[in-house]
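Enquirer: can you look at this prediction? I've put the sequence above it.
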Amino acid sequence: MELGIALSAVILGALVLGAMRLPLAAASAGASVVSGVAATVQIVALLLAALVASLRAAWSRIAVRVVGSWIAAVGMLLIGWILSAAA
(Lines give C-alpha, C1' and ligand atoms only; values in the text may rest on other atoms or scores of the structure.)
Protein backbone atom coordinates (compact mmCIF):
# COMPACT_ATOMS: atom_id res chain seq x y z
CA MET A 1 0.00 0.00 0.00
CA GLU A 2 2.79 2.41 0.87
CA LEU A 3 4.55 1.71 -2.43
CA GLY A 4 1.34 2.50 -4.33
CA ILE A 5 1.00 5.85 -2.59
CA ALA A 6 4.64 6.66 -3.31
CA LEU A 7 4.23 5.70 -6.97
CA SER A 8 1.12 7.87 -7.24
CA ALA A 9 3.15 10.80 -5.87
CA VAL A 10 5.82 10.22 -8.52
CA ILE A 11 3.21 10.03 -11.28
CA LEU A 12 1.38 13.11 -10.00
CA GLY A 13 4.63 15.06 -9.80
CA ALA A 14 5.63 13.99 -13.31
CA LEU A 15 2.24 15.04 -14.70
CA VAL A 16 2.50 18.44 -13.03
CA LEU A 17 6.11 18.84 -14.12
CA GLY A 18 5.23 18.02 -17.71
CA ALA A 19 2.19 20.32 -17.61
CA MET A 20 0.06 17.42 -18.86
CA ARG A 21 -3.65 17.98 -19.45
CA LEU A 22 -5.77 14.90 -18.90
CA PRO A 23 -9.47 14.45 -19.59
CA LEU A 24 -11.53 14.49 -16.42
CA ALA A 25 -12.50 10.82 -16.89
CA ALA A 26 -8.85 9.74 -17.09
CA ALA A 27 -7.83 11.86 -14.13
CA SER A 28 -10.61 10.63 -11.88
CA ALA A 29 -10.66 6.95 -12.96
CA GLY A 30 -8.44 5.86 -10.08
CA ALA A 31 -10.55 7.54 -7.40
CA SER A 32 -12.96 4.60 -7.23
CA VAL A 33 -10.13 2.09 -6.77
CA VAL A 34 -8.28 3.71 -3.92
CA SER A 35 -9.67 4.47 -0.49
CA GLY A 36 -8.98 6.68 2.51
CA VAL A 37 -5.92 8.86 2.20
CA ALA A 38 -5.22 7.95 -1.41
CA ALA A 39 -8.71 9.09 -2.48
CA THR A 40 -8.30 12.35 -0.60
CA VAL A 41 -4.95 12.99 -2.27
CA GLN A 42 -6.53 12.31 -5.68
CA ILE A 43 -9.35 14.80 -5.07
CA VAL A 44 -6.94 17.47 -3.87
CA ALA A 45 -4.73 16.83 -6.91
CA LEU A 46 -7.70 17.25 -9.27
CA LEU A 47 -8.73 20.50 -7.61
CA LEU A 48 -5.17 21.81 -7.80
CA ALA A 49 -4.92 20.75 -11.45
CA ALA A 50 -8.07 22.77 -12.21
CA LEU A 51 -6.54 25.76 -10.46
CA VAL A 52 -3.28 25.39 -12.36
CA ALA A 53 -5.09 25.12 -15.71
CA SER A 54 -6.55 28.58 -15.14
CA LEU A 55 -3.16 30.23 -14.52
CA ARG A 56 -2.04 32.52 -17.32
CA ALA A 57 1.11 34.22 -16.00
CA ALA A 58 4.30 32.57 -17.22
CA TRP A 59 6.01 32.76 -13.82
CA SER A 60 3.11 30.99 -12.10
CA ARG A 61 3.17 28.09 -14.54
CA ILE A 62 6.93 27.73 -13.99
CA ALA A 63 6.42 27.77 -10.23
CA VAL A 64 3.84 25.00 -10.51
CA ARG A 65 6.23 22.90 -12.60
CA VAL A 66 8.94 23.36 -9.96
CA VAL A 67 6.51 22.19 -7.29
CA GLY A 68 5.69 19.18 -9.48
CA SER A 69 9.35 18.24 -9.69
CA TRP A 70 9.59 18.37 -5.89
CA ILE A 71 6.51 16.15 -5.53
CA ALA A 72 8.07 13.61 -7.90
CA ALA A 73 11.37 13.78 -5.99
CA VAL A 74 9.64 13.17 -2.66
CA GLY A 75 7.79 10.21 -4.17
CA MET A 76 11.05 8.70 -5.42
CA LEU A 77 12.60 9.24 -1.99
CA LEU A 78 9.67 7.43 -0.37
CA ILE A 79 10.04 4.53 -2.81
CA GLY A 80 13.73 4.28 -1.90
CA TRP A 81 12.95 4.23 1.81
CA ILE A 82 10.24 1.63 1.38
CA LEU A 83 12.42 -0.63 -0.73
CA SER A 84 15.42 -0.28 1.59
CA ALA A 85 13.29 -1.12 4.63
CA ALA A 86 11.93 -4.21 2.88
CA ALA A 87 15.42 -5.53 2.12
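Expert: Sure, I can see it.
Enquirer: drop to CA atoms for contacts and neighbour counts, all remaining ones
Expert: Fine.
Enquirer: do you know how far the most centrally placed residue in the chain is from Ala85?
Expert: Geometric centre of the chain, nearest residue: Leu12, 2.1 Å, by C-alpha atoms, centre = their mean. Computed as C-alpha to C-alpha, to the nearest Å, the Leu12 to Ala85 distance reads 24 Å.
Enquirer: mind listing what's buried along the strand or helix carrying the residue nearest to the centre of the chain?
Expert: In this assignment (DSSP states H and E), Leu12 forms part of helix 2-17. Going by neighbour count (16 or more other C-alpha atoms under 10 Å), the buried part of helix 2-17 is 5-17.
Enquirer: in this structure, which spans are helices?
Expert: 2-17, 24-28, 37-53, 58-86 (DSSP state H).
Enquirer: would you turn the ones you listed into a markdown table with mean pLDDT?
Expert: Listed next are those as a markdown table, based on pLDDT from 0 to 100:
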| stretch | mean pLDDT |
| --- | --- |
| helix 2-17 | 75 |
| helix 24-28 | 68 |
| helix 37-53 | 78 |
| helix 58-86 | 86 |
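Enquirer: most packed of these?
Expert: Of all the helices of the chain, helix 2-17 has the most neighbours on average by mean count of other C-alpha atoms under 10 Å, namely a mean of 19.
Enquirer: name the residues that touch that helix?
Expert: 38, 45, 49, 64-76, 78-79, 82 (C-alpha atoms under 8 Å, 6 or more residues apart in numbering).
Enquirer: what angle sits between that helix and helix 58-86?
Expert: 160 degrees (axes from the mean of the first three to the mean of the last three C-alpha atoms, to 10 degrees).
Enquirer: let me know the angle separating helix 2-17 from helix 37-53.
Expert: 0 degrees.
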